[in-house]
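Trainee: Could you work out the structure for the sequence below:
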Amino acid sequence: MSHSESESKGHVRLIDLPVISDPRGDLTFLEGSRHVPFDIRRVYYLYNVPVDSERGGHAHRELEQVVFALSGSFRLKIDDGKTKSEYWLRDPKKGLYINKLIWREMDSFSQGAVCMVLASHPYDEADYYRDYDEFLKASKL
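Mentor: Numbering: from 1, shown residues only. Just a heads-up that it's a prediction; the model follows:
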């Protein structure tokens, strides 16, 4: 993927990671700027999420992310300001790349689900759109 592709707003796509399998099990790995379209600056994970909880409910001004279900499953509802779509993540070797200016909501966590997120920048509250109407205005620019 070219760097200019990762720069455009409103981009979402599934990423398949390599798998090395042998009788001892599977190993999946990733490298920033090789398997994901940015240098990884932060990694965080969600776990012990109650099955009826919702997470997300925001967009980012500049941050890019790749989201994985390391264990269990959950749904990601994606909105670029024009089109809404849904992705069910349940395969630890498949991640969802989410570029800037994408509203995301997560729900339907299975019991024991673990969600890992790779981020292009350290945490910065100023990077968030937490108001949906403000996000819609920005997405139309």
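Trainee: now the strands for the chain?
Mentor: 12-16, 19-22, 25-28, 42-46, 55-60, 65-71, 74-79, 84-89, 94-98, 103-107, 114-119, 128-129 (DSSP state E).
Trainee: I'd like the ones you listed as CSV, with mean neighbour count, mean pLDDT and distance to residue 139 appended.
Mentor: Placement of C-beta: from N, CA and C, glycine included. Formatted as CSV, these follow (neighbours: other Cβ atoms under 10 Å; pLDDT from 0 to 100; distance: least, Cβ to Cβ, whole Å):
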stretch, mean neighbour count, mean pLDDT, distance to residue 139
strand 12-16, 14, 95, 13
strand 19-22, 9, 96, 35
strand 25-28, 12, 95, 33
strand 42-46, 12, 97, 24
strand 55-60, 18, 98, 8
strand 65-71, 20, 97, 17
strand 74-79, 19, 98, 9
strand 84-89, 14, 97, 12
strand 94-98, 21, 97, 13
strand 103-107, 19, 98, 8
strand 114-119, 19, 98, 20
strand 128-129, 18, 98, 9
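Trainee: center of the protein - which residue?
Mentor: Nearest to the mean C-alpha position of the chain, counting by Cα atoms, centre = their mean, stands residue 67 at 3.2 Å.
Trainee: Quick check: beta-bridge partners of that residue?
Mentor: Judged by DSSP bridges, the bridge partners of residue 67 are residue 96, residue 117.
Trainee: So it versus residue 134, what's the distance?
Mentor: 22 Å (Cβ to Cβ, to the nearest Å).
Trainee: ok, residues contacting stretch 44-55?
Mentor: The contact list for stretch 44-55 (Cβ atoms under 8 Å, 6 or more residues apart in numbering) reads 70, 74, 105-111, 113-117, 119.
Trainee: and of those residues, the nearest to residue 128?
Mentor: Using Cβ to Cβ, residue 119 comes nearest to residue 128 of these, at 12.2 Å.
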